[in-house]
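Chemist: Need a 3D model of the sequence below.
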Amino acid sequence: MAASPRCGAGTRGGLACRAPAVRGKPRCRMHGGAPGSGAPWGNRNAHKHGVFTQERIAERRAIRQLLDEAGKLRREMASDDPRDQTA
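Modeler: The predicted structure follows:
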C-alpha cells in the first residue's frame with residue numbers, strides 16, 4: 001500500500017494530494033480517477049446567468065423608478081383624500 005502511486009493533485013492548502021491513485025489512472029477517486037468525476041466538457045461550470053448585464057441593471061433601475069413614482073402618487077392621493085380630513 002505504501003508503494004502505490006499517489007495522486008499528486010493540488011489541494012486547497014497548496015500541497016499535493018497524497019491519496020492513492022486509482023489503478024491505471026494518475027489521480028485518486030476524488031481528483032478525477034473515478035468514472036464521471038471531474039469538470040464537465042465544454043466548461044459548463046462557467047455558464048453565465050446574466051443578472052449583472054447592462055441590460056438587466058437598466059431594467060432593475062427602471063422598475064425601481066416606477067415603484068418610487070407609484071409610491072409618491074399613492075402618498076399624494078392619500079393626503080388629498082377628503083375622508084382623512086376632519087371638519
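
Chemist: From now on I want contacts and neighbour counts done on CA atoms only, so please keep to that.
Modeler: Fine.

Chemist: Which of the helices or strands spans residue 75?
Modeler: For residue 75, the host element (DSSP states H and E) is helix 54-80.

Chemist: For that helix, buried residues please.
Modeler: Buried residues in helix 54-80, counting neighbours by 16 or more other C-alpha atoms under 10 Å, are absent.

Chemist: Check the offset of that helix from the chain's centre.
Modeler: 28 Å (C-alpha atoms, centre = their mean, to the nearest Å).

Chemist: try stretch 66-81
Modeler: 37 Å.

Chemist: Ok, stretch 76-86 next?
Modeler: 47 Å.

Chemist: Now the residue minimising distance to the centre of the chain. Its backbone dihedrals?
Modeler: Closest residue to the average C-alpha location of the chain: residue 49 at 8.2 Å, with C-alpha atoms, centre = their mean. Taking degrees, to the nearest 10, you get phi -100, psi -20 for the backbone angles of residue 49.

Chemist: Please name the residues that touch it.
Modeler: If a contact means C-alpha atoms under 8 Å, 6 or more residues apart in numbering, then residue 49 has no contacts.

Chemist: Now do the helix holding residue 75: which elements does it pack against?
Modeler: Contacts defined by 3 or more C-alpha pairs under 8 Å, 6 or more residues apart in numbering; DSSP states H and E place helix 54-80 against no helix or strand at all.
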